[in-house]
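Visitor: got a predicted model here, sequence first, then my questions.
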Amino acid sequence: MTKSFPARTASGEDFKAVDDVSITLGPGQCLAVIGESGSGKTTLTGLLLGSLRPDGGRVVYRGQEVAPGSAGLSLLRRESSVVFQNPFGSLDPRWTVARSVSEPLTARAGRRRGGEDLEGAVRRILAEVRLDPDEYMYRYPVDLSGGQAQRVAIARALISRPRVLLADEPMSAIDVSARVQILSTLRSVMAGARRQARQEEGQAMGMILVSHDLGVVQHIADRILVLHSGRVVETGTTGQVLDHPQEAYTRRLIEAASLDC
């Protein structure tokens with residue numbers, strides 16, 4: 001895919017935010033998209049989820065092209081969820097945890113989904129992200145730490161059982177101790193997805209994890225794609241990229257990692 005924007009400089013040349021990038025995500029897989037600010041991560045994820053249209057190339061989801069007004073775009077939007085960088089910016093301060101987490105289900109199917117009790121669904125998903133339902137269901141965002149709020153946001157993203165989860169810098173807005181909790185939560189989520197993929201591959205969730213920090217993705221990602229100035233400068237399995245980086249840019253990212261690589 002390629003995506004350009006009008007230039008803001010005297011040269012008059014369009015700025016290529018994403019330049020000839022190809023990726024694949026399969027069921028039960030975690031792909032980490034790594035790069036510094038301005039590397040093209042935000043534009044790439046916008047292309048992948050259909051909020052931006054590529055100038056060249058295309059996005060295909062489950063055999064259908066993702067384009068404005070297409071069945072592929074509708075399907076992708078129904079079957080995908082996003083965890084944003086700042087949980088307090090994505091949680092309504094007027095809503096309890098229970099209401100925020102259940103909102104994706106109530107928006108789609110009223111108070112029941114497939115015969116499943118709504119409160120039971122909320123309790124189960126909170127337990128999956130390691131929050132005690134009895135303790136947290138009726139708290140408000142103001143009553144939560146950054147790490148707890150982000151786990152609530154992850155629970156809300158997972159309650160509809162998406163096939164694609166985009167985690168967009170999910171650890172960069174919280175402190176180091178909370179990052180460890182989120183890292184552990186996401187590892188557990190992906191371990192479950194991989195188990196499901198072995199049993200029923202087509203139903204398992206895949207995750208795109210966007211970050212500027214190689215240290216926080218090393219224990220989650222199956223593959224890493226390194227972006228620099230809109231281009232892929234390195235890609236491979238997590239072990240290949242971390243143990244045998246080929247590019248100086250990748251080596252600099254490894255040296256700057258916040259957790260031990």
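Guide: Yep, it's here.
Visitor: gap between R130 and D213?
Guide: R130 is 22 Å from D213, where distance means CB to CB, to the nearest Å. Heads up, the C-betas are built off the backbone N, CA and C, glycines and all.
Visitor: just checking, what packs against whichever strand or helix holds L186?
Guide: With the criterion set as DSSP states H and E, the secondary-structure element containing L186 is helix 176-199. With contacts taken as 3 or more CB pairs under 8 Å, 6 or more residues apart in numbering; DSSP states H and E, helix 176-199 sits against helix 118-128, helix 146-158, strand 206-211.
Visitor: name the helices or strands packed onto the longest one?
Guide: Right, the one you point to is helix 146-158. With contacts taken as 3+ CB pairs under 8 Å, 6+ apart, helix 146-158 sits against strand 80-83, helix 87-90, helix 97-109, helix 118-128, strand 164-168, helix 176-199.
Visitor: using PDB, list the CA coordinates for it.
Guide: Extracted as PDB, the C-alpha positions of helix 146-158 are listed here (Å, rounded to 0.1, in the frame of the first residue of the first chain):
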ATOM      1  CA  GLY A 146      -3.900   4.100  34.600                       C
ATOM      2  CA  GLY A 147      -3.200   0.300  34.400                       C
ATOM      3  CA  GLN A 148      -6.600  -0.600  35.700                       C
ATOM      4  CA  ALA A 149      -8.300   1.800  33.200                       C
ATOM      5  CA  GLN A 150      -6.300   0.300  30.300                       C
ATOM      6  CA  ARG A 151      -7.400  -3.200  31.300                       C
ATOM      7  CA  VAL A 152     -11.000  -2.000  31.400                       C
ATOM      8  CA  ALA A 153     -10.400  -0.700  27.800                       C
ATOM      9  CA  ILE A 154      -9.000  -4.000  26.800                       C
ATOM     10  CA  ALA A 155     -12.000  -5.800  28.300                       C
ATOM     11  CA  ARG A 156     -14.300  -3.600  26.300                       C
ATOM     12  CA  ALA A 157     -12.400  -4.300  23.100                       C
ATOM     13  CA  LEU A 158     -12.500  -8.000  23.700                       C
END
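Visitor: quick one: contacts of that helix?
Guide: Residues lying outside helix 146-158 but in contact with it, judged by CB atoms under 8 Å, 6 or more residues apart in numbering, are 81-84, 87-88, 90-91, 97, 100-101, 103-104, 122, 125-126, 128-131, 136, 141, 144, 165, 167, 170-171, 173-175, 177-179, 181-182, 185-186, 189.
Visitor: quick revisit: dump the helices and strands packed on helix 176-199 into TSV; add distance to S74 as well.
Guide: Written out in TSV, the entries for the helices and strands packed on helix 176-199 read as follows (distance: least, CB to CB, whole Å):
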stretch	distance to S74
helix 118-128	24
helix 146-158	19
strand 206-211	19
